[in-house]
Structures are given as C-alpha cells and as structure tokens.
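Asker: Predicted structure and sequence below. I'll ask about it afterward.
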Amino acid sequence: MVYQPPAHYHVKVRLYNEEIAFGKGIAQILQLVEQHGSLRAAYQSMGMSSSKAWKILHRAENDLGFPLLKSSSGGTHGGSTELTPEGKELLLKYKQFDALVQAYAEAAFKKIF
C-alpha cells in the first residue's frame with residue numbers, strides 16, 4: 001500500500017466563553033439580518049425554523065453576555081431587526097479572525113501535505 005496524502009481538510013472557527021455559542025451559522029444569520037433588516041427573512045432564507053434561530057441566538061447572547069440584535073415591532077411599515085453595535089463588532093471581528101485562520105490552515109495544509 002502506498003501512502004496517499006489527504007486531499008482536503010476542514011477547520012471550524014467558533015467563539016465562546018463557557019459554551020460553544022458563535023460560529024458560521026450564527027454569523028450567517030447576522031449577515032442576512034444586516035442585508036434584509038429582518039430576522040425572519042434571514043432564517044427563512046437559510047431554510048431554518050424560527051425556534052432554531054431564536055435558540056441559537058439566545059444561546060450566543062447568554063454565553064457572550066450581550067445582545068446581538070435589536071428589534072422594533074409593527075407600525076405602518078412593519079417591524080425591523082438590526083444588529084446591536086456589539087453584534088456588528090463581533091461579526092466583523094469573527095469574519096476577520098475566520099479569514100486569517102482559514103488562510104493559515106490552507107498554507108499549513110499545503111506545506112505539510
């Protein structure tokens with residue numbers, strides 16, 4: 001049998017204090033909320049249920065210690081949802097950190113394999 005190096009790798013970047021709470025999925029929700037101005041539009045575009053979206057948002061907010069979203073309800077133009085300043089900052093830093101980790105992982109994978 002001849003050694004065949006692996007062709008692929010996978011690296012997950014997740015952030016947390018006590019319980020793994022913030023990763024690719026919630027980052028995607030936050031990005032879509034920024035795009036659509038609506039949590040409902042965000043989770044629906046991902047094919048996610050309302051209960052799952054709220055569950056992972058609450059888990060992240062509880063672990064991180066700050067709200068990620070703020071909502072206004074109803075009125076003549078309907079409600080809206082937007083990221084809190086802390087949510088915006090976290091999303092930006094997560095995306096930067098993830099990009100650096102992925103770039104390093106790619107370089108290390110090529111060098112080693």
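Answerer: Yes, it's here. Quick caveat: nothing in here was measured; it's all calculated off a predicted structure.

Asker: how far out from the middle of the chain is stretch 69-86?
Answerer: 19 Å (C-alpha atoms, centre = their mean, to the nearest Å).

Asker: end-to-end on that stretch?
Answerer: One end of stretch 69-86 sits 9 Å from the other (C-alpha to C-alpha, to the nearest Å).

Asker: buried residues in it?
Answerer: Judged by neighbour count using 16 or more other C-beta atoms under 10 Å, the buried positions of stretch 69-86 are L69, T81, E82, L83. Every residue, glycine included, has its C-beta placed from N, CA and C.

Asker: Just list what the longest helix seen in the chain packs against, helices and strands only.
Answerer: As assigned by DSSP state H, the longest helix anywhere in the chain is helix 85-112. Under the contact definition 3 or more C-beta pairs under 8 Å, 6 or more residues apart in numbering; DSSP states H and E, helix 85-112 sits against helix 24-36.

Asker: Show me what counts as buried in the helix or strand following the helix it packs on.
Answerer: The helix or strand immediately downstream of helix 24-36 is helix 39-45, counting by DSSP states H and E. For helix 39-45, the neighbour count (16+ other C-beta under 10 Å) marks L39, A42, Y43 as buried.

Asker: and of those residues, the nearest to V101?
Answerer: Nearest to V101, judged by C-beta to C-beta, of the buried residues of helix 39-45 is A42 at 24.3 Å.

Asker: and the residue nearest the centre of the chain, what does it touch?
Answerer: For the chain, A27 is the residue whose C-alpha lies nearest the centre (C-alpha atoms, centre = their mean; 1.6 Å). Shown in contact with A27 (C-beta atoms under 8 Å, 6 or more residues apart in numbering): L91, Y94, K95, D98.

Asker: Buried ones only from the residues you listed, please, as a PyMOL command.
Answerer: Buried residues among the contacts of A27 (16+ other C-beta under 10 Å), as a PyMOL selection:
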select buried, resi 91+94+98
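
Asker: Show me where this protein dips below the pLDDT cut-off.
Answerer: 74-78 (pLDDT under 70).
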